[in-house]
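Trainee: Mind folding the following:
(one chain, ligands or ions: 1)
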Amino acid sequence: MIVGVLKDAAPETRVSILPEHLATLQKWKTSISVETGAGAGAFAADNKYAEAGATIASRDEVLKTADIVLSINSLPAEDIAKLKPGAVVLGAFQPLFNFSTMKEWATKGITTFSLDMIPRTTRAQSMDVLSSQANIAGYKAVLLSATLFPKYFPMFMTAAGSIKPAKVLILGAGVAGLQAIATAKRLGAVIEVFDTRPAVKEEVMSLGAKFVEVEGAADASKAGGYAVEQTEEFMQRQKAKIAESVAKADIVICTAQIQGRKAPILVTKEMIEAMQNGSVIIDLASSTGGNTELSQDNKTISHNGVTIVGNSSLAGTMSSDASKLYGKNILNFLQLIIDKEGQVNLNFEDDLVKGSCITTRGEVVHDRIKSLI
Ligand code: NAD
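Mentor: Prediction:
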């Protein structure tokens, strides 16, 4: 059985599996075929894959021979047409936004697993690509804001005068937000945080930040670990409180997302115009519309002296560690679908296999994706 590793197209820098992951795959009696240059963006050269036991091959060879194909992002239709009948494709394909592509893959007989859909249970944590990558994004968002901010983060008392600590506002305390809090704290900032899930209050406070409470958020406890949409009335009350915090903030890190939906707008143009010159906003939610009215995806703009960075791919700026963690997530998942003989064995009784499977046997099988089609 062959596991194929594709080179994701630019601007992607990450790769699904690094040479260090290959020993485990070999223990499972699989052969590994890696597309030429697949790991280049993550500083993993072809010879390192070859030394670890992989065969380096052209893209067409990988597509035509692999039983399991690894690609972080979606594949073009011409690649899908070249796959072996019944091939398994594994990645993070955002099927909630790309449901028509999923329908096409189903008709081609592809079995698709999308790890961004894995149920957020305790057992799934080691396979949760959204978490491993959001952790990096939260860390990098703070570092990026610190380099763009024309002032210090920490408080200083020097012979040349005193420096006040930077005030950082973090919107959304999920995986990215919590890492952003920890990173900003290590740099000496004073931090305020908003989230609609009251359960995160304790975590936020234990990291040394202030949690600003807004009463009456919709209950997300039955949403499988994901946030839910809020009422208009709640959003108005929340916006009024956020406006007070934005006006004081030097840095705003936006991470609030609702799975499969447009991100909530939490910061208006008016709020941005009330910020000090030199302030910085990093919007990690920009690919789904952003948390501010002015964020533009993959663009850095300046509005009234405020720098607004729209970037939902910050994990890719740390391609080496991002690939290391993503690859470990992939290995942990592969363990569920490769049996002791090194063959693909799909057990749809397993909630993680079922929950992340989007297409198989000619059909879209994931309930949420089916409902969108
Ligand atoms: P996410 O990226 O979908 O959202 C980020 C945060 O934004 C969430 O905390 C959400 O509550 C918040 N948010 C949404 N709307 C908001 C609004 N209007 N105002 C303020 N904040 C808003 O979330 P995530 O980081 O992927 O994880 C969310 C939850 O899932 C967390 O509880 C996390 O612990 C849990 N989780 C569980 C597992 C697991 O058990 N396998 C893995 C990862 C995450």
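
Trainee: Could you report the separation of the residue of the stretch 251-373 of the chain found nearest the ligand from residue 194?
Mentor: Nearest residue of the stretch 251-373 of the chain to the ligand, counting by C-beta to the nearest ligand atom: residue 256, 3.5 Å away. For glycine as for every other residue, the C-beta is placed from the backbone atoms N, C-alpha and C. Distance of residue 256 to residue 194, computed by C-beta to C-beta, to the nearest Å: 8 Å.

Trainee: Can you pick out the residue with more neighbours from those two?
Mentor: Between residue 256 and residue 194, counting by other C-beta atoms under 10 Å, residue 256 is the more crowded of the two (25 against 22).

Trainee: Next up, the contacts around the residue in the chain positioned nearest to the ligand.
Mentor: As assessed by C-beta to the nearest ligand atom, the ligand sits closest to residue 174 within the chain, at 2.1 Å. Residues near residue 174 by C-beta atoms under 8 Å, 6 or more residues apart in numbering: 134, 195, 200, 227, 255, 257.

Trainee: redo that, cut-off 10 Å
Mentor: For residue 174, the contacting residues are 130-131, 134, 138, 195, 197, 200, 225-227, 255-257, by C-beta atoms under 10 Å, 6 or more residues apart in numbering.

Trainee: what do you get for residue 332?
Mentor: By C-beta under 10 Å, 6+ apart, the residues touching residue 332 are 24, 115, 123-128, 352.

Trainee: pLDDT score for it?
Mentor: Note on residue 332: pLDDT of 98.

Trainee: returning to that earlier point: check the contacts of residue 332 one by one and keep those near the ligand.
Mentor: Under the cut-off given by C-beta under 6 Å from any ligand atom, the ligand has 124-125, 128 from the contacts of residue 332 close to it.

Trainee: Could you list which residues are in contact with the closest residue to residue 86 other than its chain neighbours?
Mentor: Leaving aside its sequence neighbours, residue 86 sits nearest to residue 109 (C-beta to C-beta, 6 or more residues apart in numbering; 6.1 Å). Listed by C-beta under 10 Å, 6+ apart, the contact partners of residue 109 are 80, 83-87, 359-363.

Trainee: circling back: what residues do residue 256 and residue 194 have in common as contacts?
Mentor: 170-173, 177, 266.

Trainee: For residue 103, state which of those residues is nearest.
Mentor: When the shared contacts of residue 256 and residue 194 are ranked by distance to residue 103 (C-beta to C-beta), residue 172 comes first, at 31.3 Å.

Trainee: can you count the residues close to that closest one?
Mentor: Residues near residue 172, counting by other C-beta under 10 Å, number 28.

Trainee: Show the model's pLDDT score for it.
Mentor: At residue 172, pLDDT is 97.

Trainee: which residues touch it?
Mentor: 138, 178, 180, 193-197, 200, 227, 253-257, 263-264, 266, 284-285, 291.

Trainee: Pretty sure residue 43 sits against residue 323.
Mentor: Yes: contact status for residue 43 versus residue 323: in contact at 8.9 Å, counting by C-beta atoms under 10 Å.

Trainee: List the residues that contact the residue located most distally from the centre of the chain.
Mentor: Outermost residue of the chain with respect to the C-alpha centroid, by C-alpha atoms, centre = their mean, is residue 159; its distance is 43.7 Å. By C-beta under 10 Å, 6+ apart, residue 159 lies in contact with nothing.

Trainee: quick one, phi/psi of it?
Mentor: Dihedral pair for residue 159: phi -60, psi -20, per degrees, to the nearest 10.

Trainee: cool, and residue 299?
Mentor: Here is the backbone geometry of residue 299 (degrees, to the nearest 10): phi -140, psi 150.

Trainee: Neighbours of the closest residue to it other than its chain neighbours, how many?
Mentor: Distance criterion C-beta to C-beta, 6+ apart; nearest residue to residue 299, sequence neighbours excluded, is residue 310 at 5.4 Å. Close neighbours of residue 310, defined as other C-beta under 10 Å, add up to 24.

Trainee: Spit out the contact partners of residue 306.
Mentor: Residue 306 is in contact with 252, 271-281, 292, 294, counting by C-beta under 10 Å, 6+ apart.

Trainee: if we can go back for a sec, which ones, among the contacts of residue 109, also lie beside the ligand?
Mentor: Residues of these in contact with the ligand (C-beta under 6 Å from any ligand atom): none.

Trainee: Which two among the residues you listed are spaced furthest apart?
Mentor: Pairwise distances across the contacts of residue 109 (C-beta to C-beta) peak at 18.6 Å, for the pair 84 and 363.

Trainee: between those two, which one's more packed in?
Mentor: Taking neighbours as other C-beta under 10 Å, residue 84 and residue 363 compare with residue 84 leading, 16 against 13.

Trainee: So the more buried one is in contact with residue 67, correct?
Mentor: Yes: at 6.7 Å, residue 84 and residue 67 qualify as touching, with contact defined as C-beta under 10 Å.

Trainee: anything in contact with each of the two?
Mentor: 2, 4.

Trainee: which residues does the closest residue to residue 48 other than its chain neighbours contact?
Mentor: Of all residues not flanking residue 48 in the chain, residue 19 sits nearest, at 4.3 Å (C-beta to C-beta, 6+ apart). Residue 19 sits next to 32, 34, 39, 44-54, 327 when contact means C-beta under 10 Å, 6+ apart.
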